[in-house]
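Peer 1: coordinates for the following, if possible.
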Amino acid sequence: MRLADIAAPVDTGAGKTIRRPTPEEVRAQLERIRAHAFTGSEKLYAFLHFVVEEALAGRAATLKELVIGVELYGGIVEYDPRIDSAVRVEARRLRRKLAAYYAGPGRGDAVIVSIPTGGYAPSFHLRQDASRIITEASGAERGPPMLAVLPFTALCVHEKAFAAGVTDEIIYAAERDAHLRVAPRAIMFQFRESRYSLHEVAAHAGSDLVLHGTIRRVQAVHRVCVELSSRWGQILWSDRVDIIGEGELDVQERMAEAILERLPRDALREPAPGRSPEARFDGNMLVGDASCGFRRANSHSRPAEGVRIYDRAARRRPGAVRRFDTCIYIFSQPVGTSA
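Peer 2: Numbering: from 1, shown residues only. Coordinates of the predicted model:
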């Protein structure tokens, strides 16, 4: 594809000519997308910027997984698509991000930038083609939610290598489960020695769910306490697994198998449409804040603040705040007044 081809009119065969966006229009749209959809996602934007610039330079046909991997994810160790799925995972994240942008803040934009499934070369269209492209982009990614497996925490300093091995075995087994999609270890092991929130992990990995836990050993017993959380920090499932054995590799494999076998499949279903998990979680937090505010208001020093927080919570979660009605009535009475 030459630069001139991008902006050249296209004859549809029905007497109508569709104009393609110019390179200048595409670059301007890229900046608009960056400002509204990629704040804090510099690595993912670098992926988008690279493939767009390569396409504008006429090298769309060379955009293969290996080329992108070497350019963006290569380091001391050369990128190998046979053992590293970072490019494929990031491409899925990018398609979802673009679909969400055009379904939200970009729904009125004139230029549509998309990355059709089956390849990595971007496509540029004007608004008259937008509805079909957005439908394809949003529908192409249906399937199990993405699972991020955080490096498990060793409660004893001597078990750090063992905990890393368990994490690796879980990712290995999950990659071979047809009902799971899992973030690659190249992304997840970046969190091994760093502080993070579950939301930061999920945002970086493009995941809907986060699996994490702790490991300790007492004589021949290895115990793992594991949790499955939503990207907003809600615990969806937790369990404890004890494995007895001396051979570390065998114990790691058995522990990974036990965790995945116990993982509740109903928690791995595609999230139902409706209000976003962020809004629901934020509403729950407001309800909790309102409750705590009223409980601290025995001296009537903060009732007004509690009422304000409660009002905000009621607007977000009207059903969840009803159990606090009596508390509100009591603490809204003047000092010395009996209920």
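Peer 1: so where is this structure shaky, pLDDT-wise?
Peer 2: Along the chain, the parts satisfying pLDDT under 70 run over 1-19, 74-81, 128-143, 267, 269-339.
Peer 1: mind doing that once more with 80?
Peer 2: Scanning the chain with the threshold set as pLDDT under 80 gives 1-20, 70, 72-86, 127-145, 178-179, 193-197, 199-200, 203-206, 231-232, 265-339.
Peer 1: and the strands in it?
Peer 2: 9-11, 17-19, 111-114, 123-126, 146-149, 153-154, 181-182, 209-218, 221-230, 235-244 (DSSP state E).
Peer 1: out of the ones you listed, nearest to residue 86?
Peer 2: strand 181-182 (12.1 Å; Cβ to Cβ). Bear in mind the C-beta positions are built from the backbone N, C-alpha and C, glycine included.
Peer 1: so what touches the closest one?
Peer 2: Here strand 181-182 makes contact (Cβ atoms under 8 Å, 6 or more residues apart in numbering) with 143, 144, 145, 146, 147, 148, 149, 171, 174, 175.
Peer 1: thought the second one was touching residue 180?
Peer 2: It stands for residue 144. Yes - if you go by Cβ atoms under 8 Å, residue 144 and residue 180 touch, sitting 5.8 Å apart.
Peer 1: count of residues packed around the closest residue in space to residue 90 that isn't next to it in sequence?
Peer 2: Distance criterion Cβ to Cβ, 6 or more residues apart in numbering; nearest residue to residue 90, sequence neighbours excluded, is residue 47 at 5.4 Å. Around residue 47 there are 23 other residues, counting by other Cβ atoms under 10 Å.
Peer 1: against residue 120, how distant is residue 47?
Peer 2: Distance, residue 47 to residue 120, by Cβ to Cβ, to the nearest Å: 9 Å.
Peer 1: quick check: neighbours shared by these two?
Peer 2: Joint contacts of residue 47 and residue 120 (Cβ under 8 Å, 6+ apart) are 68, 91.
Peer 1: circling back to that earlier point, out of the strands of the chain, which comes closest to residue 84?
Peer 2: Using Cβ to Cβ, the strands of the chain put strand 181-182 closest to residue 84, at 13.1 Å.
Peer 1: sheet partners, orientation included, of that closest one?
Peer 2: strand 146-149 (parallel) (DSSP bridges).
Peer 1: looking at the strands of the chain, which is nearest to residue 57?
Peer 2: strand 123-126 (13.5 Å).
Peer 1: where do the helices sit along the stretch 151-300 of the chain?
Peer 2: Remark: helices assigned in the stretch 151-300 of the chain by DSSP state H, counting those that start in this stretch are 160-175, 185-188, 198-205, 248-262, 277-295.
Peer 1: what residues does the shortest one touch?
Peer 2: Taking Cβ under 8 Å, 6+ apart as the criterion, the residues outside helix 185-188 that touch it are 73, 84, 86, 89, 148-151, 167-168, 171, 204-205.
Peer 1: change it to 6 Å
Peer 2: Residues outside helix 185-188 that contact it (Cβ atoms under 6 Å, 6 or more residues apart in numbering): 84, 86, 149, 171, 205.
Peer 1: which parts of stretch 85-100 are buried?
Peer 2: 85-87, 89-99 (16 or more other Cβ atoms under 10 Å).
Peer 1: who's in contact with residue 101?
Peer 2: Residue 101 touches 33, 37, counting by Cβ under 6 Å, 6+ apart.
Peer 1: quick one on the thing from earlier: okay, the buried residues of stretch 85-100 in a markdown table with distance to residue 246 next?
Peer 2: Below are the buried residues of stretch 85-100 laid out as a markdown table (distance: Cβ to Cβ, whole Å):
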| residue | distance to residue 246 |
| --- | --- |
| 85 | 33 |
| 86 | 35 |
| 87 | 39 |
| 89 | 36 |
| 90 | 40 |
| 91 | 43 |
| 92 | 40 |
| 93 | 41 |
| 94 | 45 |
| 95 | 46 |
| 96 | 44 |
| 97 | 46 |
| 98 | 50 |
| 99 | 50 |
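Peer 1: out of those residues, who's nearest residue 106?
Peer 2: Proximity of the buried residues of stretch 85-100 to residue 106 (Cβ to Cβ) peaks at residue 98, which lies at 8.4 Å.
Peer 1: who touches that closest one in this structure?
Peer 2: residue 114 are the contacts of residue 98 under Cβ under 6 Å, 6+ apart.
Peer 1: use 5 as the first number from now on
Peer 2: In the new numbering, first residue 5, that becomes residue 102.
Peer 1: now it: how far from residue 189?
Peer 2: Applying Cβ to Cβ to residue 102 and residue 189 gives a distance of 26 Å.
Peer 1: next one: residue 180
Peer 2: 14 Å.
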